[in-house]
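A.B. asks: Quick check, what structure comes out for this input:
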Amino acid sequence: MPSVNSFFTAAAYQGAVSADNNWTAGWTLTTEEGGDNKADQEAVETLTGTLSEDKTLEANKKYMLSGDYIVETGATLTIPEGVTIVAEADDDKVDYILIQQGAKIVAEGTAENPIVMTATKKEAGAWGGIHICGKAHSNVEGGTGKSEIGDATYGGNDDADNSGVLKYLRIEYSGYAFDSEHEANGFTFYGVGNGTTIEYCQAYKGSDDGFEFFGGSVNVKNVIAVSCSDDSFDWTEGWNGNGQFMVAYQEAEESLGYDCDCLMECDNNGDNFAATPVAHPTLANLTLIGNGGSKQGIRLRAGTQASIYNALVAGKGMCLTTETAETEDALVEGTSVLNYITLATDITCKGAE
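C.D. replies: Purely as a prediction, here's the structure:
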């Protein structure tokens, strides 16, 4: 594909992974059991409550997570390679990590020694994942909102906002259900700016979305969602970042034990399809493999726009669907682009239905 902007790396092959450079090897999981990879270690500390000043965890150590752990404005949580954080899923508390506006998380593992966030219970929905709130745009009314988990403010007008770094980080068994309307994802980005670095991250066997974007301009590269029960990737509220080398894989329901929804669910704003700024991410090098069910692969709807280059989509009854007049008009007019897309089924168009 031709170069779109400087974010993208030239890749002369189809999809997200080349035959001679499997960037997922060594630090991701596919079907095997996750969990505490430092079971022989005693935890050095339990993370809970609020963090109001900078804190650096010890490399290659285990930490427990009990309840919410909120990094407050002005503080930075640094997590070096080899750290394992284990949520206490049986302690009758809702376990999650939340980064407020103006706070940072700097979590940098390596391919040989990734950071793992998991739970004592090895099943989807055991804990609440990571939630990052930034100062970049959202197209909700008024331009700011509150996070679904933690009720933290997000949004603004600083699309270059920096909330830190996530590299070589695997989140397992997230998706805790707070109620029928609110389930936690693996990675949730609320108005996160493009000064933030998200690379080499995996969401594994969560009970909601793997990665969800509520507005913002954050870019992602080398990210993978495996067997997340709702959507592998989900965007809304005007997300306009870039993404490259994105993988979604859903194990078959018969062996996994639960169904999975879309590989990508793509909205501008469910309450106002024409809300601005309009969601329009630019994505390249996608490999999206579904669980063989009848649902959607890439579902473009609710006014979203998108530029998608070089995608392989299979394993879904409807590999690519377009819904709502605004979304389809953007494709017809050339505002949205679908180039070099290989689908196992025909495109399904629903227009204003």
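A.B. asks: Check which helices and strands the helix or strand hosting Ile308 is in contact with.
C.D. replies: Per DSSP states H and E, Ile308 falls inside strand 307-314. When contacts are defined as 3 or more Cβ pairs under 8 Å, 6 or more residues apart in numbering; DSSP states H and E, strand 307-314 packs onto strand 282-289, strand 296-300, strand 337-343. (C-beta placed from N, C-alpha, C; glycine too.)
A.B. asks: what pLDDT, on average, does the helix or strand that it is followed by get?
C.D. replies: Per DSSP H and E, strand 307-314 leads on to strand 318-323 as the next helix or strand towards the C-terminus. Averaging pLDDT along strand 318-323 yields 96.
A.B. asks: What residues of the longest helix along the chain count as buried?
C.D. replies: Using DSSP state H to define each element, the chain has its longest helix at helix 325-333. By 16 or more other Cβ atoms under 10 Å, the buried positions in helix 325-333 come out as Glu326, Thr327, Glu328, Ala330, Leu331.
A.B. asks: just for the stretch 1-150 of the chain, where's the confidence low?
C.D. replies: Low-confidence segments of the stretch 1-150 of the chain, defined by pLDDT under 70: 1-4.
A.B. asks: Give me the distance between Lys104 and Ser163.
C.D. replies: Relative to Ser163, Lys104 is positioned 6 Å away (Cβ to Cβ, to the nearest Å).
A.B. asks: more crowded one of those two?
C.D. replies: Higher neighbour count among Lys104 and Ser163: Ser163, with 31 against 20, using other Cβ atoms under 10 Å.
A.B. asks: Next up, the contacts around that one.
C.D. replies: Ser163 sits next to Ile99, Ala103, Lys104, Ile105, Ile132, Cys133, Gly134, Val192, Gly193, Gly195, Thr196, Val218 when contact means Cβ atoms under 8 Å, 6 or more residues apart in numbering.
A.B. asks: if you go through the stretch 101-250 of the chain in chain order, where are the helices?
C.D. replies: For the stretch 101-250 of the chain, no helices turn up when DSSP state H, counting those that start in this stretch is the criterion.
A.B. asks: And the strands in it, which stretches?
C.D. replies: Applying DSSP state E, counting those that start in this stretch to the stretch 101-250 of the chain gives strands spanning 104-108, 115-119, 130-133, 144-146, 153-155, 164-172, 177-179, 182-183, 187-190, 197-204, 211-214, 219-226, 233-236, 242-249.
A.B. asks: quick one, which of those strands is packed in tightest?
C.D. replies: Greatest average neighbour count among these goes to strand 187-190 (a mean of 29), per mean count of other Cβ atoms under 10 Å.
A.B. asks: coming back round to it: save the helices and strands packed on strand 307-314 as CSV, and put in mean neighbour count too.
C.D. replies: Output for the helices and strands packed on strand 307-314, formatted as CSV (neighbours: other Cβ atoms under 10 Å):
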stretch, mean neighbour count
strand 282-289, 24
strand 296-300, 27
strand 337-343, 15
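A.B. asks: In a markdown table, list the ones you listed along with distance to Ala59 and mean pLDDT.
C.D. replies: As requested, those are exported to a markdown table (distance: least, Cβ to Cβ, whole Å; pLDDT from 0 to 100):
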| stretch | distance to Ala59 | mean pLDDT |
| --- | --- | --- |
| strand 282-289 | 31 | 98 |
| strand 296-300 | 39 | 97 |
| strand 337-343 | 41 | 97 |
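A.B. asks: Having no further points to raise, I will conclude here.
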